[in-house]
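Asker: Next comes the sequence, and after it the predicted model I'd like to discuss.
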There are 2 protein chains.
Amino acid sequence: MNGAQALLKTLADAGVEVCFTNPGTSEMHFVAALDDEPRLRAVLTLFEGVATGAADGYARMAGKPAATLLHLGCGLGNGLANLHNARKGKVPIVNIVGDHATYHVQYDAQLQSDIETVARNVSPGFVRTSASTAQLGQDAVDAIAAARGRPGQVATLILPADVSWSEGGVPCPPPPPVEPKAADEATVQAIAGILRSGQKTALLLGGHALREPALLAAARLAAATGVKLLAEVFPTRLERGAGLPTIERLAYFAELAGVQLAGLQHLVLVDAKSPVSFFAYPGKASDLVPPGCTMHTLAAPEHDALACLQQLVAALDAGSAQPALQAATRPERPTGELTAAKACQALGHLLPEGAILIDEAITSGQKLGAMTAGAPRHDLLTLTGGAIGQGLPSAVGAAVACPTRPVIVLVGDGAAMYTVQALWTMAREQLHVIGIVFNNASYSVLNIELERVGAGEPGPRSRAQLDLGAPQLDFARLAQGMGVHAVRADSAEAFCAALEYALATPGPHLIEALVPESIRGAKRKVLPWVLGAAPHLPQPVAQALKRAIAP
Amino acid sequence: MNGAQALLKTLADAGVEVCFTNPGTSEMHFVAALDDEPRLRAVLTLFEGVATGAADGYARMAGKPAATLLHLGCGLGNGLANLHNARKGKVPIVNIVGDHATYHVQYDAQLQSDIETVARNVSPGFVRTSASTAQLGQDAVDAIAAARGRPGQVATLILPADVSWSEGGVPCPPPPPVEPKAADEATVQAIAGILRSGQKTALLLGGHALREPALLAAARLAAATGVKLLAEVFPTRLERGAGLPTIERLAYFAELAGVQLAGLQHLVLVDAKSPVSFFAYPGKASDLVPPGCTMHTLAAPEHDALACLQQLVAALDAGSAQPALQAATRPERPTGELTAAKACQALGHLLPEGAILIDEAITSGQKLGAMTAGAPRHDLLTLTGGAIGQGLPSAVGAAVACPTRPVIVLVGDGAAMYTVQALWTMAREQLHVIGIVFNNASYSVLNIELERVGAGEPGPRSRAQLDLGAPQLDFARLAQGMGVHAVRADSAEAFCAALEYALATPGPHLIEALVPESIRGAKRKVLPWVLGAAPHLPQPVAQALKRAIAP
């Protein structure tokens, strides 16, 4: 048994069922070993960023890691952005990077580069170059254990070609399951005291605390004590829809998040980090915690967030409190000229039970939350690390993880182009993914950001850097060129019809929504999106917001 | 004047005329400053790998660096593969990576990552995070000086948003020009002695030694002394065609390169590195220098290769020797069913004077060298670092550098997909680039490599990893989706007609050559390509090669 064969058997024995690949010469023994290990499904991608994004989407839905197979430092570089998103989302991935044979490194051949250095960017907790065929099985076990620890992480195992091809591979048994830590009882009691006190307090939920059981526990706490519930701005996976507790997400815009957090005396973190501005802006605070607000941590990422919430429920005797649940409600079927908001409305009107929604629509998704809030229950995956190009690849992975559930991915035109090659893998694997690309011919969000950073009135040369209109991209044609059924829609009627057809017809689809750039002019740009991003804001808060972002 | 404005003025004053961009929020002040500095042309790309590959292609043809503008660590990651190619080709690039504001780093916001660590992979000689607005101008000068030193390199300047936006920027005067080193006279005399001795000797030319004046000097040495001339396997830029000296390129396949080098008693490096196998293969040597061959270095990368060759010409009194020059000759116009070889033949038949040829055709380019050898003079750019996805982006850069010369880029179907977004920038800038994509529905080279690494007879699951046939990509449609005129050709007649039209019509074109996978079966795969790769091999050498790669 060679190293590659032992590696594949070790992965499969540990329950790693899928490997998203873009191999090269140094990975050929791994590829050849696929014929000996039918438990490991290899999903080919045309670009490494698709492979890593797919591994991210897969793990978010499967609850366990997939492997990747990348080609040396350059393949890792191509996959880095989506590994970054996985790292920030604490998503487990076993990232396998082929390397030259150990004895070949000294010759500095064309593809030689320092792989470990690059890998540390996304795998600070586990980077290892396997040193021998005999140790490779154990290296794989250690990587799997690191990846699926609590918190989850991207574990990078670098696989020299000779370690892979040499005889003497030893498959190793799976690592033991991880036991996440329980909360410290004194911490629970202290936080219970705050919740009892009546002081203005919010729980900020993230990570594993956004799944149904944890949301129910948090909603019981809210019902019993009046504590406010907030979700982190970019959830790794949020369960939502009719019959589940609703939760207000922190806004992307610091101006709005500041309003959401205003007046809090205590903010309790539950598998979330203290809120900060996505970017820095001249003269504005990066730290969004309001002055006078005290921070507490109920559950850190290494804790069992659900158990911690249940401890808190018990401490407050809130087990019988009735959680507020979202009523089933859908928006009307939209009509007339298509806009981004109407596309979101159509989605809310038609969303089937059990859909997986992936949101990389950037400005075009402003109404998505409101329009789908009362739709049948579904999962929402978002851009955890801010590295654009996550949507289409993670849809591949989510569909591989959940083949019986429709995956609907919303992407902006700019965002779609970073990893557009994902469409081909959807066609090759005949995944039931519906891609909705909002074509407004613009890096629309940057028009807002250009203003928010105070860069002055943009001239023609700077505005041209945000314009995707000449030539305008034709996403339907791009999708067709990769074997994906695709249509363009410029009316709400056409969009609804296309969505109904796509939902009813297995295999991948792309719907190109031709929408006007929603936001023009200074104020008209920022306000509607900011307000749309938090549809559950009470009127006084919305008013306060308007004041906050006034000049 | 803010930091960004001072930076742009410093760049422009130093002769940096182009910046290939994919900006985000943290780069908005750089973008805004474009309106104040009309000397710096910003070329927008939809993916960072296009920006970095374009900067590479630009510098190879312009002989000076362009800048890039990338968005934090993830943008750098996306651009890493083509920066790697530039690094290996010793191509100067001023790589500018935006970062969070200095005071924002502590908050570990979504896009926070360790940029310097990633940058070291491609910029081992110069990575600097600019620490203050006042110093930014000098930092830029230092980066420019590092980039355009001898050897050229990728210099990475990390630009925190607040360093960019704060007032107090100070433009700085350009760095002094670089004076490359002359050869040590004792070294020249020693090598002259070897060339006089009649021992079997070759000059291995690379880097700057593949341009006309250096090639002429080398050809005089060959005429005067009989020394063999070889070029490195992947030249950064090779001037060739009718009226120029011809030079045999080392082959990609170690088996063939071994034959080319067999029997040498001395190998003299002229801005080239000692030849090694691209990958390691079980049981085969990585170092291709034959036993008993002594290595010498006439010109290291920090030397002036041309001056070194001229010193050697003087030492051997070879200045009046008549260099052998390539005769003008073109192949016939091909007819019948299209094959990769016939596409190369058509190119040789029609290639105009002054074309820039970029070769990332992988297996489909096997006949390119032979078919274009006697065509009008042209430049050839190749895949210096082996990181696939270089062709289309570098064509963007070459066309920006040389707007009056047609750029013809040959890419394999697999290779084209890594950075296919380059087509959009070609359309946006209306560059006269002719993309020829060989669609054989396969990672064809990996079928060869799977065999060469001795991974055994591939089964269906491993073969599927190399197959791009289901669904087959439609590159004409992909190009049309990005605004590029495109046609598919499956006959030599159609291909010739498309090429003639494209050469005569300004703006970008894509010709999709539908070709059969050229190579099937074990022996039939390796041999024809290996032989085709070195068309100038004498018959005995070809025979030796057949013996060398026999089982």
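Answerer: Right, received. Where do you want to start? The structure presented is a predicted model; accordingly, all values stated were derived computationally and were not measured. Numbering: from 1, shown residues only, chains lettered A, B, ... in the order given.
Asker: Now do the residue lying closest to residue A:420 once chain neighbours are set aside against residue B:21, distance only.
Answerer: Spatially, and ignoring its direct neighbours in sequence, residue A:420 is nearest to residue A:478 (6.1 Å; C-beta to C-beta, 6 or more residues apart in numbering or on different chains). C-betas here are computed from N, CA, C, even on glycine. Distance, residue A:478 to residue B:21, using C-beta to C-beta, to the nearest Å: 22 Å.
Asker: what sits against residue A:242?
Answerer: Residues in contact with residue A:242 (C-beta atoms under 8 Å, 6 or more residues apart in numbering or on different chains) are A:326-329, A:374-377.
Asker: My read is that the residue nearest to residue A:420 contacts residue B:483, right?
Answerer: No: counting by C-beta atoms under 8 Å, residue A:478 does not reach residue B:483; the two are 11.1 Å apart.
Asker: So which of these two has more stuff around it?
Answerer: Counted by other C-beta atoms under 10 Å in any protein chain shown, residue A:478 and residue B:483 do not tie: residue A:478 has more neighbours, with 26 against 20.
Asker: outside of the helix or strand where that one lies, which residues touch it?
Answerer: Following DSSP states H and E, one finds residue A:478 within helix A:475-481. Here helix A:475-481 makes contact (C-beta under 8 Å, 6+ apart) with A:413, A:416, A:420, A:423, A:435, A:437, A:439, A:485-488, A:510, A:512, B:473-478, B:480-482.
Asker: Enumerate the residues of the stretch 101-250 of chain A near chain B.
Answerer: Listed as neighbours of chain B in the stretch 101-250 of chain A under the rule C-beta under 8 Å from any C-beta of the partner chain: A:101, A:103-104, A:107-111, A:113-114, A:117-118, A:120-122, A:161-162, A:165, A:234.
Asker: among those residues, which are in strands?
Answerer: Within these, no residue falls in strands by DSSP state E.
Asker: Keep only those of those that are in helices.
Answerer: A:117-118, A:120, A:161-162, A:165 (DSSP state H).
Asker: Highest neighbour count among those?
Answerer: residue A:118 (30 neighbours).
Asker: separation between that one and residue B:114?
Answerer: 10 Å.
Asker: go on, residue A:347?
Answerer: With C-beta to C-beta as the criterion, residue A:347 and residue B:114 are 38 Å apart.
Asker: who's more crowded, these two?
Answerer: Taking neighbours as other C-beta under 10 Å, residue A:347 and residue B:114 compare with residue A:347 leading, 27 against 13.
Asker: Which residues outside the host helix or strand of the more buried one are in contact with it?
Answerer: Using DSSP H and E, residue A:347 falls within helix A:340-350. Identification of contacts with helix A:340-350 by C-beta under 8 Å, 6+ apart yields A:330-334, A:336, A:357, A:361, A:363-368, A:370-375, A:408, A:410, A:436, A:438, A:440, A:492, A:495-496, A:499-500, A:503, A:513, A:515, A:518, A:532.
Asker: From the residues you listed, which land in helices?
Answerer: Of these, the ones assigned to helices by DSSP H are A:368, A:370-372, A:492, A:495-496, A:499-500, A:503, A:532.
Asker: so which of the residues you listed is the most crowded?
Answerer: Tallying neighbours with other C-beta under 10 Å puts residue A:495 at the head of the ones in helices among the contacts of helix A:340-350, with 28 neighbours.
Asker: From residue A:481, how far off is that one?
Answerer: In terms of C-beta to C-beta, residue A:495 sits 22 Å off from residue A:481.
Asker: Likewise for residue A:500?
Answerer: To residue A:481, residue A:500 is 25 Å away according to C-beta to C-beta.
Asker: What is the neighbour count of the residue nearest to residue A:173 when sequence neighbours are not counted?
Answerer: In this structure, residue A:173 finds its nearest non-sequential neighbour in residue A:13, 6.6 Å apart by C-beta to C-beta, 6+ apart. Residue A:13 has 18 neighbours, counted by other C-beta under 10 Å.
Asker: Now do the same contact list for residue A:13.
Answerer: Counting by C-beta under 8 Å, 6+ apart, residue A:13 has contacts A:171, A:173-174.
Asker: Save those residues as CSV, and put in neighbour count too.
Answerer: Below are those laid out as CSV (neighbours: other C-beta atoms under 10 Å in any protein chain shown):
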residue, neighbour count
A:171, 20
A:173, 11
A:174, 17
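Asker: from the residues you listed, which ones fall inside strands?
Answerer: Going by DSSP E, the strands hold none of those.
Asker: May I see those residues organised as a markdown table, with pLDDT and distance to residue B:63 added?
Answerer: Formatted as a markdown table, these follow (pLDDT from 0 to 100; distance: C-beta to C-beta, whole Å):
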| residue | pLDDT | distance to residue B:63 |
| --- | --- | --- |
| A:171 | 98 | 55 |
| A:173 | 98 | 59 |
| A:174 | 98 | 57 |
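Asker: and the spatially closest residue to residue A:148 that is not a sequence neighbour, how many residues sit next to it?
Answerer: The shortest distance from residue A:148 to any non-neighbouring residue, by C-beta to C-beta, 6+ apart, is to residue A:92 (4.5 Å). Residue neighbour count, defined by other C-beta under 10 Å, stands at 28 for residue A:92.
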